[in-house]
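Asks: my questions concern the predicted model and sequence given below.
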Amino acid sequence: MTLSSSQFSEKPTAHLALPVLAVFLVSAGIIGLELALMRCLSVAGWHHFSYLVLSTALLGFGASGTLLTLVGPSLERRFGISCAGLTVAFGLSVPLCFRAAQALPLDPQYVLYSLRQAALMVAYHLLLFVPFLLGAMVIGLSLMHFSKRVHVLYGANLLGSGAGGLWMILLMFTLPEEDLLYVIAGLVLVAAVIWVAYGAMYPPATSLNVAKGIWRRPPARLLIAVTGSMAVLILLATLWPMELRIDQYKTLASVQRWEDQSNAEHLLTVHSPRARLDVYDSPLFHETLFAGFTALSPPPPQLHILVDGHSAGTVFKIQSPQEAEILDHTPMSVPYRMSERPRVLLLGEVGGTNVWLARRWNPTSVTVVQGNPQIIELLNGPLAEAAGHVFSLPGVEAVAADPRLFLQAHEERYDIIQLVRAEGMAVGVSSLLSVHEDFLLTREGLTLCLRRLRPDGLLAVTRQQQDPPRDNVKILATLAQALESLGIEEPGQHVVQFRNYLAVTTLASLTPLGAETCTRLSLICEELQLDVEWAPCPEVDYTEQFARLTGPPGEDYSYYHYAAREIFSPQREEFLKDWVYDVQPACDNSPYFYNFFRWASIPLFQQVYGKAWFRKLELGYVVVAGVLIEVVIAGSLLILVPLLWLKRRSGKRSGRLATGTYFLLLGITYMLLEMVLIIKFTHFLGDPILSAGGVVSAFLVFSGLGSLVSRRLFHNPRRAITVAVLGIAAFAIAYVFILDGLFALTAAWPTATRFGLAVLLASPLAFLMGWPFPNGLTCVERGRPTLIPWAWGANGVASVAGPPVGVLLAVASGLSTVMLLGAILYGCAGLVAWALPGARGPTG
Amino acid sequence: MLIDRRRVKRLAIVSGLILAAMLALVIVLVWQPHVSRPDHREKPRVEEREEERARMVREQIAARDVRDTGVLDAMRDVPRHFFVPEKYASSAYSDRPLPIGQGQTISQPFIVAFMTELLAVKPGDRILEIGTGSGYQAAVLAELTPFVYTIEIIEELGEQAAARLEELSYETVEVKIDDGYFGWEEHAPYDGIIVTCAAGHIPPPLLEQLKPGGRMAIPVGGVYEVQYLVRVTKDLDGTIRSETLLPVRFVPMTGKAQG
């Protein structure tokens, strides 16, 4: 006979306080762990690897449902002990599993070549999967045990998640990433104490021999176990501090090796939720910022700013622009050579080198815009003296703002606008480059840049060269569309592209380039040994190259010139469609400039490059697709295995299909809508911290409140679901049409006001999104309570699949499509809800 | 007047001695005796895994259009498996790079051969390598010319490479632990320079130390980034030119690849 949860005397309301608190803390710990691991893995490893590992780890949610389906009833008989034990295990596994994973001699670069490395990769994933499995089991078991009060427990889960996210983000400003793990473990062990207290105060019904037997042993042993665990944790934290094992190929690892050889000095480290910033000084730093062959002297001494272990910015240790002569040999110097006393705008400047470049050409003013305020604080604070006070020189103004928002909010015009951010990796919260949103390098973003130019002004975008050409072709195509959106019929007359052996610079102007400009440009390029790839100037010889690149067969010009010619011809669309990389311009609806992936090109790359074909790709898109495949395969197993078990136990007509479909849909759609709103709010607020910390937390909190309140508003769960999904669909569809316009209108508002507006916009949607899950579980509890853990697991799997589905769809079809899909799928869930077991009332 | 024969005789002897001394002086000043350097080709050859090396050259290098017979011979002769860590020795002749520790890798055999061929090394050329790593590239170069100078910034790697090269009888290779950015002025100018460590750009001092008519080979792009090879030449008038190279020509529009 299957023992149902009701036989364990579900406790009256007052006794929910301790489990609610424990679930709140465990939920906070789970989200905290997710965020902390994201930081740790981003610093220690490469973003693609981190994303892959974390996505696998989150499958612990799905696996918890599987396990609970199989052993949940047994655990429920000893509910208090089970939860206490699982929570202790969760707490201790956080630091121990991470340590063990770090100790593996894994080299991700060789996973495709070596079986041993592939096995180590699997082990790495499994180790990080364990804590999430254990934490999710606690939540799932609680939902099973208190199935009649699932709204309260689910509400506690969401509220705890929201609070945990906010708390972790605040902690990230003060603690190193690795130390966060011990703090999380401590919090979770406090939850374990609460479970022990609960178990002691409310033992299960003693009519069962098993329960009697268990509770003959006093819970004091459990308390000792928990206390002992806390002591172990404190000892671990004190005697065995956590250290991140940095991937040996990252710049940070190289610099640390130099430091061991006394060839580098670590100046400071700044921790934040955006990124970890490290600053090093070394005589071995020799960045020349794309200086060409005409530069015969070495660059000045310099510091480096590393972001999550990657080189992100160079700080010249100079006191005057005269010491930065090497910058005159960069392609970025060309617009300055063509201007007289320009007003300069530098978007995304990091170390101040472009300020020195501007200063060498006697500008009227220089405005620096940097989205990460900590960079500006560094250059105006501890690094100011070494950097020659570059951000506070006369005529220089440094503004902490998102570049796109700055352009929207300010109407000044400039003679030179330099997209410094395009010259390297984006600084800030960045997961996978190719699926990292960049609203500046979109058609709308570049159009806005062009609008801020004076009539003879120049927009300059410099990007490292690739072979075959990729990024710079996309820049050209995007500029062409941006110019056309301003009513310019022949964009090719307004654009110039030239390069040295390292980088390509593209200049765009609102006025067509005239003969005088052509002459000056020609002399400059000759002097700097730059190869012109496109210019609306007569007598440009595209075949004479200082830095020869491959081109179409039988031709002496490069593929850059070929691409430019096609882009400024009627064959543009055909060219963009056929190019081996995806170089279609990004737009605000699909702001993924750095995605160049094309499925159809894989066979060609494999044929040309053999096993090293993947090195020619920006792997972000591939990794996301890989994660989705992995989740589908692993998730299918996690969902199907318990299905077989349940079929044996509960007979044919058990409502499995409806239950599985409903909770799968909820898992995916919740994540789809949340993902789109995070991206849109990040763009609106201009700061991922405000978006992730503030808006997401608010989202979870309002969902939690919605869960708590929905039962009071509607006693009929089916009706509650119907109202919720209709409301969600209405809001989602409305937001597709009004959000962008609303953001544009309010872009100039103060940050605090915009934040308040964002919360106001998120809250009703979030409130309603907290209803379907607990009401669905209520239906299932009434009809087939044995399906509860399975539903929890299916929802967990789907919530892991949601983000990669969302990203791939957003890249392919745009954010609006994802939002609309979310609305439609919620509607489908509402329909499926009618078929849930118990939807029409209790069945026994 | 009678000629004093004895005086003439004495004069002749003294003149002869003076001439002989002058001749000896000239010989000492002008003639440079051949310094007995071990012939860089006459070294003990490692027979083990010869067949693997031969197959590597046949399938991975010659099959990809590396034609220089000197380079092919060098790749056949240098025992690559001694230059990789023990745990990777079984994969030493595989078509891929391998880690050697300290965040460095030993390049794929084809890349080593390809870059060596780019330098067009002749016997007697002076070659500078930046980034000794395991020492494998230096050993291959040393098969072609005795004058190989290599710099490594990581002390441990440099010392290990030096010991390894010595053990394998590549005594003509000189290894220095230093910042390779500034080259090695003492032995400049160079007929060829090869930069094997990840480089963001070509260091200006290396361009200075490249002989007019000389060649440089340098890969650009990091471990996980899109990479390409650049060959740099210095014209006789000092103008620097570069050429970005791919192993094969790429034809995106037609979707075909040309070998």
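Replies: In hand now; what should we look at? Residues are numbered from 1 along each chain as shown, chains lettered A, B, ... in the order given.
Asks: residue of the stretch 651-800 of chain A nearest chain B, please.
Replies: Residue of the stretch 651-800 of chain A nearest chain B, by Cβ to the nearest Cβ: A:P688 (23.2 Å). In this view, the C-beta of every residue, glycine as well, is placed from N, C-alpha and C.
Asks: what about that residue, neighbour count?
Replies: 23 (other Cβ atoms under 10 Å in any protein chain shown).
Asks: what's the spacing between it and A:V435?
Replies: Applying Cβ to Cβ, to the nearest Å, one obtains 14 Å for the distance of A:P688 from A:V435.
Asks: what does A:L761 give?
Replies: Distance of A:L761 to A:V435, given as Cβ to Cβ: 24 Å.
Asks: and these two? Which one has more around it.
Replies: Set A:L761 next to A:V435 and count neighbours by other Cβ under 10 Å: A:V435 wins out with 24 against 21.
Asks: spatially nearest residue to the more buried one (excluding sequence neighbours)?
Replies: Spatial nearest neighbour of A:V435, chain neighbours left out: A:G620 (4.6 Å); criterion: Cβ to Cβ, 6 or more residues apart in numbering or on different chains.
Asks: model confidence for the one you found, exactly?
Replies: Predicted confidence (pLDDT) for A:G620: 75.
Asks: I figured it was touching A:Y594, is that so?
Replies: Yes - under the criterion of Cβ atoms under 8 Å, A:G620 makes contact with A:Y594 at 7.2 Å.
Asks: what is the neighbour count of residue 109?
Replies: Defaulting to chain A. A:Q109 has 22 nearby residues by other Cβ under 10 Å.
Asks: ah, I was thinking of chain B
Replies: For B:P109, the count of nearby residues is 26 (other Cβ under 10 Å).
Asks: quick check: it touching B:D95?
Replies: Yes - taking Cβ under 8 Å as the definition, B:P109 is a contact partner of B:D95 at 6.9 Å.
Asks: what residues do the two have in common as contacts?
Replies: Residues touching both B:P109 and B:D95 by Cβ atoms under 8 Å, 6 or more residues apart in numbering or on different chains: B:56, B:60.
Asks: contacting residues for the residue in the stretch 101-250 of chain A that chain B sits nearest to?
Replies: Residue of the stretch 101-250 of chain A nearest chain B, by Cβ to the nearest Cβ: A:Q248 (3.9 Å). Each residue near A:Q248 by Cβ under 8 Å, 6+ apart is listed here: A:107, B:99, B:101-103.
Asks: anything in stretch A:577-591 near chain B?
Replies: Yes - counting by Cβ under 8 Å from any Cβ of the partner chain, chain B is contacted by stretch A:577-591 at A:578-580.
Asks: using TSV, lay out those residues together with distance to A:S27, pLDDT and neighbour count.
Replies: Below are the residues of stretch A:577-591 next to chain B laid out as TSV (distance: Cβ to Cβ, whole Å; pLDDT from 0 to 100; neighbours: other Cβ atoms under 10 Å in any protein chain shown):
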residue	distance to A:S27	pLDDT	neighbour count
A:D578	50	91	14
A:W579	47	93	24
A:V580	46	89	22
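Asks: and those, which is closest to A:L513?
Replies: When the residues of stretch A:577-591 next to chain B are compared for distance to A:L513 (Cβ to Cβ), A:W579 wins out at 25.6 Å.
Asks: that closest one touches A:A563, doesn't it?
Replies: Yes - in this structure A:W579 lies within contact range of A:A563 using Cβ under 8 Å: 7.4 Å.
Asks: can you classify A:P552 by secondary structure?
Replies: coil (DSSP: H, G, I helix; E, B strand; the rest coil).
Asks: the chain: strands as residue ranges?
Replies: All of this refers to chain A. A:265-270, A:277-281, A:302-307, A:310-316, A:343-347, A:365-370, A:396-400, A:414-419, A:453-464, A:495-499, A:503-508, A:531-534, A:547-548 (DSSP state E).
Asks: the intended chain is chain B.
Replies: Going by DSSP E, chain B shows strands at B:98-101, B:104-106, B:126-130, B:147-152, B:173-177, B:190-195, B:210-220, B:228-234, B:240-245, B:249-251, B:256-258.
Asks: now the ones you listed in JSON lines, with distance to chain A?
Replies: Below are those laid out as JSON lines (distance: least, Cβ to the nearest Cβ, whole Å):
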{"stretch": "strand B:98-101", "distance to chain A": "6"}
{"stretch": "strand B:104-106", "distance to chain A": "8"}
{"stretch": "strand B:126-130", "distance to chain A": "12"}
{"stretch": "strand B:147-152", "distance to chain A": "11"}
{"stretch": "strand B:173-177", "distance to chain A": "9"}
{"stretch": "strand B:190-195", "distance to chain A": "12"}
{"stretch": "strand B:210-220", "distance to chain A": "7"}
{"stretch": "strand B:228-234", "distance to chain A": "4"}
{"stretch": "strand B:240-245", "distance to chain A": "4"}
{"stretch": "strand B:249-251", "distance to chain A": "5"}
{"stretch": "strand B:256-258", "distance to chain A": "4"}
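Asks: so where's chain A uncertain?
Replies: Along chain A, segments meeting pLDDT under 70 span A:1-14, A:203-219, A:424-434, A:610-612, A:614-619, A:646-654, A:841-844.
Asks: report how many residues lie close to whichever residue of the stretch 1-150 of chain B sits closest to chain A.
Replies: Going by Cβ to the nearest Cβ, chain A is nearest to B:G103 of the stretch 1-150 of chain B, at 3.9 Å. Here the count is done by other Cβ under 10 Å, and B:G103 has 21 residues near it.
Asks: need the max-distance pair from the contacts of A:Q248.
Replies: The most widely separated members of the contacts of A:Q248 are A:D107 and B:Q102, with 12.7 Å between them, by Cβ to Cβ.
Asks: circling back: hmm, which of the contacts of A:Q248 are the buried ones?
Replies: A:107, B:99, B:102-103 (16 or more other Cβ atoms under 10 Å in any protein chain shown).
Asks: tell me the one among those nearest to A:G388.
Replies: Once Cβ to Cβ is applied, the member of these that ends up nearest A:G388 is B:G103, at 31.7 Å.
Asks: got the phi and psi for the nearest residue to that closest one once chain neighbours are set aside?
Replies: Leaving aside its sequence neighbours, B:G103 sits nearest to A:Q248 (Cβ to Cβ, 6+ apart; 3.9 Å). Phi and psi for A:Q248, reported as degrees, to the nearest 10, are phi -60, psi -20.
Asks: the stretch 201-350 of chain A against chain B: which residues are in contact?
Replies: Within the stretch 201-350 of chain A, the positions adjacent to chain B are A:248-250, A:253-254, A:257-258, A:261, A:263, A:283-284, A:286-288, A:290-291, A:293, A:295-298 by Cβ under 8 Å from any Cβ.
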